[in-house]
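Novice: My questions are about this predicted structure, shown below with the sequence.
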Amino acid sequence: MFRKVNEGWMSFLVRFFNSLGFYIFTPLLALWLTETKSLDLSKASIIVASLTLFSKAGGAFVGGLIDRLGVRLSLILGLWSSGGILMLIPIVPYFPLFIALSALLGTTISLYNVALKTQISFMNEHKRLRAFALLNIAVNLGASIGPLAGGWILDLKSLWLMFLAAGSYFIAGGVACLLPEPPMEKEENRLNLFKYLYLERYHLLKSPFFRFLFGSGLLWFFYIQMFSTLPVYVSGEISGKTTGLVFTLNAVTVIAFQGIFPSVQPKLKKEQWYALSFLLFGSSFFLLWIDRTVFSIFLSMFLFSLSEIIWTPLIDTEVLQKHGNLSSSWAFGIAGVVWGLWESFGSYAGLSLLKFFPGRLYLLLTVMTVIIGLSLILRSLSMRKGEKIFRGER
């Protein structure tokens, strides 16, 4: 029992230190490239885009590597390789090498992300939800501290920024060495993506796993709206510092309340929790549509954060319930790619709609999320009614 509890908290520490390193440099990467390496903004944006693309798309390639190397070794390799690449970036002299290293860094980021979730997949089922909840807390802790630490070191000695981030990754890798090596899945349950697609080729669209991925992608579509459109939407109402505090509230709320969710999760069915998540999204968007005062903006972010607390650990645990014969590492890798595509599409669609319909974007988002939430409630009620009829017939 002690080993299992220790494994959950060790995973938490790994995620905290890798998130700390990630958020030390990523929010400031474009600024660091322009000021420290004297690159123009267009070149800096290409490097940032390369990192973002491969950190999402890398999930399509790392599943097979994890199956071959093992979960723990892949996790350590991803973390220490990320740290090593960050130490190389300050000494790279040529722009093409920056792009190559940023692409490689994005791939190693994807490697450790998928490996850590795969590590948790081998825990007992009743422990997984709490473990995924702890991961979300760790991410938000890192997101709270990382930018502050990065900003401080950037002002003090900008060249050290990447070394500070690398140090955090090396610590995360050291903690990962303490994790047990989970048992490998049986060969018949370790289909790679290509074998899985071949076997499912005639009914892929009806596959529970892919239907779940595309459905859950809607959560990421609405989630990204707050981070892509909100700063632009409220720029005329509040200062940049206040906007920063709004996003700090998001992290603080998740840290404060995420640990409670696993204990209350059994009280409702998963469809009802998803419905509540969409309705909280809708309430958050509605507040932004009717009022852009500081109070409404902060209250909107609080409701948005409650939604995040509910659905983020749920979708990770459901990946393990839906992946069928596809190996866990491939399942998490493909999930990351699909969800990343939904985020990218959501960001593009939201900003485009904001440009042409600035006063109606959040009304549209409200209507969409409420309709989805209510439809999930109706579905849950119909399923319950069907169960009662079935029991009555018996």
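Specialist: Perfect, I can see it now. Numbering: from 1, shown residues only.

Novice: Do a quick rundown of the helices in the stretch 251-394 of the chain.
Specialist: Under the criterion DSSP state H, counting those that start in this stretch, helices of the stretch 251-394 of the chain are mapped to 261-264, 270-290, 294-322, 328-356, 361-393.

Novice: low-scoring stretches of this structure, by residue?
Specialist: Applying pLDDT under 70 to the chain flags the ranges 1-6, 183-206, 240-241, 383-394.

Novice: quick check: domain ranges of it?
Specialist: 1-179, 196-383 (automatic domain parsing).

Novice: returning to what we had before: export the helices of the stretch 251-394 of the chain as TSV, with columns for distance to Thr36.
Specialist: For glycine as for every other residue, the C-beta is placed from the backbone atoms N, C-alpha and C. Output for the helices of the stretch 251-394 of the chain, formatted as TSV (distance: least, C-beta to C-beta, whole Å):
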stretch	distance to Thr36
helix 261-264	41
helix 270-290	37
helix 294-322	32
helix 328-356	27
helix 361-393	36
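
Novice: quick one, which of the ones you listed is nearest to Ser81?
Specialist: Closest approach to Ser81 among those (C-beta to C-beta): helix 328-356, 16.6 Å.

Novice: mind listing what's buried in that closest one?
Specialist: In terms of neighbour count (16 or more other C-beta atoms under 10 Å), helix 328-356 has its buried residues at 328-344, 346-347, 349-350, 353-354.

Novice: Who are the packing partners of it?
Specialist: Judged by 3 or more C-beta pairs under 8 Å, 6 or more residues apart in numbering; DSSP states H and E, helix 328-356 is in contact with helix 41-57, helix 59-69, helix 95-121, helix 193-199, helix 208-228, helix 230-233, helix 294-322, helix 361-393.

Novice: Kindly compare burial across the ones you listed and name the winner.
Specialist: Mean neighbour counts were compared across the helices and strands packed on helix 328-356 using mean count of other C-beta atoms under 10 Å; the top stretch is helix 95-121, at a mean of 23.

Novice: Give me the helices and strands touching it, please.
Specialist: helix 2-25, helix 41-57, helix 59-69, helix 71-88, helix 125-157, helix 294-322, helix 328-356.

Novice: can you count the residues close to Cys177?
Specialist: 14 (other C-beta atoms under 10 Å).

Novice: Surely it touches Ile76?
Specialist: Yes: between Cys177 and Ile76 there is a contact under C-beta atoms under 8 Å: 6.2 Å.

Novice: coming back round to it: as JSON lines, the helices and strands packed on helix 95-121 with distance to Tyr223 would be great.
Specialist: Converted to JSON lines, those look like this (distance: least, C-beta to C-beta, whole Å):
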{"stretch": "helix 2-25", "distance to Tyr223": "17"}
{"stretch": "helix 41-57", "distance to Tyr223": "14"}
{"stretch": "helix 59-69", "distance to Tyr223": "18"}
{"stretch": "helix 71-88", "distance to Tyr223": "24"}
{"stretch": "helix 125-157", "distance to Tyr223": "12"}
{"stretch": "helix 294-322", "distance to Tyr223": "7"}
{"stretch": "helix 328-356", "distance to Tyr223": "7"}
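
Novice: Ser382 is nearest to which of those helices?
Specialist: Here helix 294-322 is closest among those (C-beta to C-beta), at 20.2 Å.

Novice: by how many degrees do the closest one and helix 125-157 diverge?
Specialist: 130 degrees (axes from the mean of the first three to the mean of the last three C-alpha atoms, to 10 degrees).
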